[in-house]
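# Coordinates only, no sequence provided:
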């Protein structure tokens with residue numbers, strides 16, 4: 001880009017210029033109109049009155065002015081406009097010598113003269129002094145703009161007025177005065193124009209967020225050329241459009257052209273003056289006292305005092321506050337502030353009940369036998385706004401045929417004083433889950449379960465847009481039990497159930513997880529990576545490393561949706577056999593029982609689904625799954641997969657339906673596997 005030394009950019013607080021009173025043109029236009037009447041009268045009588053000049057201003061003069069209107073950011077008016085001022089005063093009251101213009105009924109007489117035609121022998125364009133224009137290209141622009149005014153044509157006053165409009169509308173001229181000159185060859189019509197100045201510099205005031213490069217690109221082509229007001233209006237519209245596209249409260253409030261070809265743009269940007277929180281009653285909608293501390297809400301907002309207000313940023317702030325789970329309704333209302341050009345933001349919030357008791361039920365995919373196969377009942381108490389700081393406490397108990405989980409979970413979603421939005425979660429859990437995924441049932445069809453006592457702390461924070469990370473430290477005390485609750489260390493086949501050979505294994509695990517999500521919808525793209533490292537703080541504690549990764553990609557194909565997913569993992573070191581990767585089941589390879597394909601140190605599972613709408617909330621699905629233990633089954637202590645003749649690999653395919661429900665999608669699927677077995681699968685919620 002060529003350097004333009006005459007172009008400069010400045011920023012300052014904006015000010016709205018008060019339009020100066022428009023100069024009246026009544027007196028000169030009155031004289032011009034009267035001269036026209038005299039000229040028309042003299043032509044009709046084929047003689048000119050002694051007082052009539054041979055150079056008569058015709059009709060009126062037209063000038064283009066840029067005016068700054070009163071500025072209202074909230075109503076967003078047009079900032080500046082180019083207006084063509086045409087005035088047609090009545091003829092003087094006194095009757096001139098030789099004139100037939102009466103003192104009364106002047107408007108009727110004026111209308112008659114407006115429609116009377118005068119033969120024009122020649123049409124010229126000159127400057128305001130009557131001399132030829134220095135730039136012939138501007139003369140051609142003016143002549144090209146003419147439509148009615150041509151040599152050897154009979155014109156009315158109205159037709160000349162319309163061509164004056166056209167010359168001004170071309171954008172190159174600030175004024176235009178039509179003058180009639182009586183010559184020996186006839187009436188010569190001269191348009192006396194005043195061209196705009198050449199553009200040599202730009203000063204922009206008040207544009208704090210508008211990029212300088214945007215202005216440079218907008219004005220670069222016009223540097224050194226005559227200012228075209230139509231082009232200038234397009235540039236102003238593009239600047240206003242830049243603000244509008246970004247949802248910013250800003251626009252051009254004034255334009256001035258100074259001598260020397262310097263254009264000054266005045267930009268008005270609405271800065272945020274103050275942000276306040278107003279709590280509304282759920283029933284009446286009237287202001288009330290809230291339980292949540294205002295600073296807990298304000299720190300969620302990305303809009304800050306002193307910034308130019310952005311409606312898009314405000315919408316994101318509303319969504320962020322809504323995801324806190326504390327509010328039933330959230331809205332932002334901008335209001336004019338006392339200072340000119342500033343805006344106050346009032347966030348109206350309606351709080352939800354902060355906590356209470358709940359009960360429900362669910363299904364465990366790990367239980368495949370028994371009269372109440374897989375059914376789980378739950379009871380919980382939760383408080384989502386401890387101390388008014390959005391801190392959450394959840395105490396829950398789930399109980400099934402074999403499953404039982406008692407959990408205390410405390411979460412601070414944003415640690416006070418941290419500017420990285422780091423959250424902290426403290427977990428204490430006592431659980432009992434079926435061990436059939438790896439070890440199956442015993443010879444007498446009795447089952448074994450895995451008991452775990454877990455306590456830990458996790459920290460999570462956003463890493464970048466769509467990416468989040470979690471790190472934690474968890475202690476686990478785990479072992480196997482029979483149906484009577486007694487600890488056991490070997491199963492029916494003699495395979496060990498613990499890595500240490502004792503009834504329980506102890507481990508301290510450092511955990512790291514990184515997740516990237518698309519839109520958050522189940523059909524969107526997702527990638528997750530998880531790593532766990534056992535820390536042998538004590539000699540008998542387990543030392544191992546486990547990695548696991550999951551990826552998903554959704555593709556819309558007309559009314560159908562294709563969902564591809566892939567997962568895999570590996571564990572090295574000393575680990576409990578019941579922690580092996582289990583393959584097969586509702587969330588793995590359908591067509592097989594839970595864990596029936598294999599259990600190993602490594603695994604990979606791929607799945608593809610095509611879903612399509614059927615009727616209302618019901619949609620159909622066709623799927624195919626494949627899983628493999630990567631020949632790692634024998635490396636698990638005791639080889640539980642080999643002892644139970646698990647194939648180590650397998651695939652399944654089938655069809656099913658899904659129904660939206662408050663609990664999530666209800667899934668009913670019928671699958672076939674590669675061993676010609678058939679199986680129904682029922683699940684609640686999305687597949688893992």
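Looks like it came in fine. Model, not experiment: these values are computed from the prediction. Residues are numbered from 1 along each chain as shown.

# Where does the prediction get shaky in the stretch 501-650 of the chain?
For the stretch 501-650 of the chain, the stretches with pLDDT under 70 are 519-523.

# which stretches of it form helices?
640-643 (DSSP state H, counting those that start in this stretch).

# Also the chain?
Remark: helices assigned in the chain by DSSP state H are 26-44, 106-115, 136-145, 157-169, 212-219, 229-245, 294-298, 311-322, 436-439, 640-643.

# Can you say which of these is packed in most?
Ranked by mean neighbour count under mean count of other CB atoms under 10 Å, the helices of the chain are led by helix 436-439, which reaches a mean of 26. Yep, even glycine has a C-beta here, placed from its N, CA and C like the rest.

# helices and strands around that helix, which ones?
Applying 3 or more CB pairs under 8 Å, 6 or more residues apart in numbering; DSSP states H and E, one finds that helix 436-439 contacts helix 640-643.

# Which strands and helices lie in contact with the helix it packs on?
Helix 640-643 sits against helix 436-439, strand 598-600, with contacts defined as 3+ CB pairs under 8 Å, 6+ apart.

# That one: how far from the chain's middle?
Distance of helix 640-643 from its chain centroid, counting by CA atoms, centre = their mean, to the nearest Å, is 53 Å.

# What distance do you get for residue 297 to residue 173?
57 Å (CB to CB, to the nearest Å).

# out of the helices of the chain, which comes closest to residue 195?
helix 136-145 (5.2 Å; CB to CB).

# show me what contacts the residue nearest to the spatial centre of the chain?
Centroid-nearest residue in the chain: residue 312, 6.1 Å away (criterion: CA atoms, centre = their mean). For residue 312, the contact set (CB atoms under 8 Å, 6 or more residues apart in numbering) comprises 246, 247.

# Tell me, domain by domain, which residues of the chain belong where.
116-193, 196-267, 269-349, 353-682 (the TED database).

# which secondary element of this protein has the worst mean pLDDT?
Ranking every helix and strand in the chain by mean pLDDT, DSSP states H and E puts strand 80-85 at the bottom, with a mean of 30.

# Kindly present the helices of the chain as JSON lines, with separate columns for distance to residue 346.
Output for the helices of the chain, formatted as JSON lines (distance: least, CB to CB, whole Å):
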{"stretch": "helix 26-44", "distance to residue 346": "50"}
{"stretch": "helix 106-115", "distance to residue 346": "55"}
{"stretch": "helix 136-145", "distance to residue 346": "52"}
{"stretch": "helix 157-169", "distance to residue 346": "45"}
{"stretch": "helix 212-219", "distance to residue 346": "32"}
{"stretch": "helix 229-245", "distance to residue 346": "22"}
{"stretch": "helix 294-298", "distance to residue 346": "12"}
{"stretch": "helix 311-322", "distance to residue 346": "11"}
{"stretch": "helix 436-439", "distance to residue 346": "54"}
{"stretch": "helix 640-643", "distance to residue 346": "63"}
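
# Output the below-cut-off pLDDT ranges for the protein.
Judged by pLDDT under 70, the stretches of the chain that qualify are 1-114, 362-374, 443-444, 519-523, 688.

# Contact partners for the residue nearest to residue 307 when sequence neighbours are not counted?
Using CB to CB, 6 or more residues apart in numbering and skipping residues adjacent in sequence, the residue nearest residue 307 is residue 272, 5.3 Å away. Applying CB under 8 Å, 6+ apart to residue 272 gives the contacts 303, 304, 305, 306, 307, 308, 309, 342, 343, 344, 345.

# how close does residue 128 get to residue 175?
From residue 128 across to residue 175, the span is 7 Å (CB to CB).

# Between the two, point out the one with more neighbours.
Neighbours were counted for residue 128 and for residue 175 using other CB atoms under 10 Å; residue 175 has more, 19 against 13.

# Hmm, residue 164 and the more buried one touching each other?
No - look at residue 175 against residue 164 with CB atoms under 8 Å: they stay out of range, at 9.7 Å.

# Sort out which residues of stretch 386-402 are buried, please.
390, 391, 392, 393, 395, 396, 398, 400, 401, 402 (16 or more other CB atoms under 10 Å).

# so where do the strands sit in the stretch 301-450 of the chain?
Secondary structure of the stretch 301-450 of the chain by DSSP state E, counting those that start in this stretch: the strands cover 327-336, 342-351, 355-363, 375-386, 391-400, 404-412, 423-434, 449-464.
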